[in-house]
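K.L.:
Need coordinates for the following:
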Amino acid sequence: MTTIAHQVAQALIDIQAVSLSPNEPFTWASGLKSPIYCDNRLIIGYPKIRQLIAKNIAIAIKTQFPDVEVIGGTATAGIPHAAWVAAELNLPMIYIRSKPKNHGQGRQIEGPFQPGQKLVLIDDLISTGGSVLQAATAAQKEGAKVLGIFGIFSYELAASQVNFKLAHIPLVTLSNFSTLLTIETAADHLSTAQKMSLNEWRQDPQAWSDTH
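P.N.:
Presented below is the predicted three-dimensional model:
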């Protein structure tokens with residue numbers, strides 16, 4: 001039986017949301033060179049895929065965090081997925097900006113929220129975890145109890161493991177870099193040297209970028 005991790009990774013490949021190119025690296029907005037590029041915003045245009053993702057995140061949340069009271073999304077990519085998951089669970093939803101608005105009431109958290117409520121945050125992609133953990137910190141400052149963070153796909157970078165451990169917040173993702181590599185290897189799309197290069201990138205993206 002195909003796992004949900006495999007289903008999601010294959011779906012991302014099929015819609016070209018994620019692709020590997022170890023020989024001709026992509027350049028991220030940060031300037032970092034990378035052998036992988038993932039644009040999960042494409043998911044919103046594919047009803048069956050977004051339903052698969054929302055349903056399985058909802059199932060995982062009910063299993064792992066049954067006491068959850070609010071679903072949160074990170075602005076902007078996590079917002080649609082948080083909305084679909086909140087609908088699946090029949091729960092309130094909020095979203096968290098990267099920083100407070102500089103006008104109006106200056107809110108960083110949008111939507112009905114009370115201090116002390118138990119929150120699960122959703123983001124579409126986990127790289128180092130910096131942005132979603134920043135959102136979690138903002139929620140905690142407003143009194144939220146952040147039970148966990150869910151992502152659709154994780155690059156499984158060593159830095160993210162350290163960051164989530166330091167934050168004492170569990171991370172769960174539907175799919176990940178390892179699963180993607182397994183699929184692409186089985187399809188005979190990667191040589192041994194390319195697989196080695198991809199794993200080197202995962203361990204130290206900056207060092208890999210500097211040599212490519």
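K.L.:
which residues touch the nearest residue to Gln203 once chain neighbours are set aside?
P.N.:
Leaving out its chain neighbours, the residue that sits closest to Gln203 by CB to CB, 6 or more residues apart in numbering is Ala158, at 5.6 Å. Where you see a C-beta, it was placed from the backbone N, CA and C, and this is true even at glycine. Counting by CB atoms under 8 Å, 6 or more residues apart in numbering, Ala158 touches 202-204.
K.L.:
Neighbour-wise, give me the winner out of those residues.
P.N.:
The most crowded member of those, judged by other CB atoms under 10 Å, is Arg202 (18 neighbours).
K.L.:
For that residue, give me the pLDDT.
P.N.:
For Arg202, the model assigns a pLDDT of 93.
K.L.:
Show me the shaky parts of the chain.
P.N.:
Where the chain drops to pLDDT under 70, the residues are 1, 101-106.
K.L.:
So which residues of it form strands?
P.N.:
18-20, 26-27, 33-34, 36-38, 70-74, 93-96, 109-110, 118-126, 145-154, 171-176 (DSSP state E).
K.L.:
Highest mean neighbour count across the ones you listed, which stretch is it?
P.N.:
strand 70-74 (a mean of 28; mean count of other CB atoms under 10 Å).
K.L.:
What helices and strands are in contact with that strand?
P.N.:
On a contact count with 3 or more CB pairs under 8 Å, 6 or more residues apart in numbering; DSSP states H and E, strand 70-74 meets helix 79-89, strand 93-96, strand 118-126, helix 130-141.
K.L.:
List the residues that contact Leu157.
P.N.:
127-128, 202, 205 are the contacts of Leu157 under CB under 8 Å, 6+ apart.
K.L.:
sorry, back to before: mind checking the strands of the chain for the one nearest to Gln10?
P.N.:
For these, the distance to Gln10 is smallest for strand 171-176, at 8.9 Å, taking CB to CB.
K.L.:
tell me what that closest one is packed against?
P.N.:
Counting by 3+ CB pairs under 8 Å, 6+ apart, strand 171-176 packs on helix 4-14, helix 47-64, strand 145-154.
K.L.:
Could you figure out how far the second one is turned away from strand 118-126?
P.N.:
Put simply, helix 47-64 runs at 140 degrees to strand 118-126, going by axes from the mean of the first three to the mean of the last three CA atoms, to 10 degrees.
K.L.:
ok, residues contacting helix 47-64?
P.N.:
4, 7-8, 11, 15, 43-44, 68, 71, 80-81, 84-85, 87-89, 120, 122, 148, 150, 152, 170, 172, 174.
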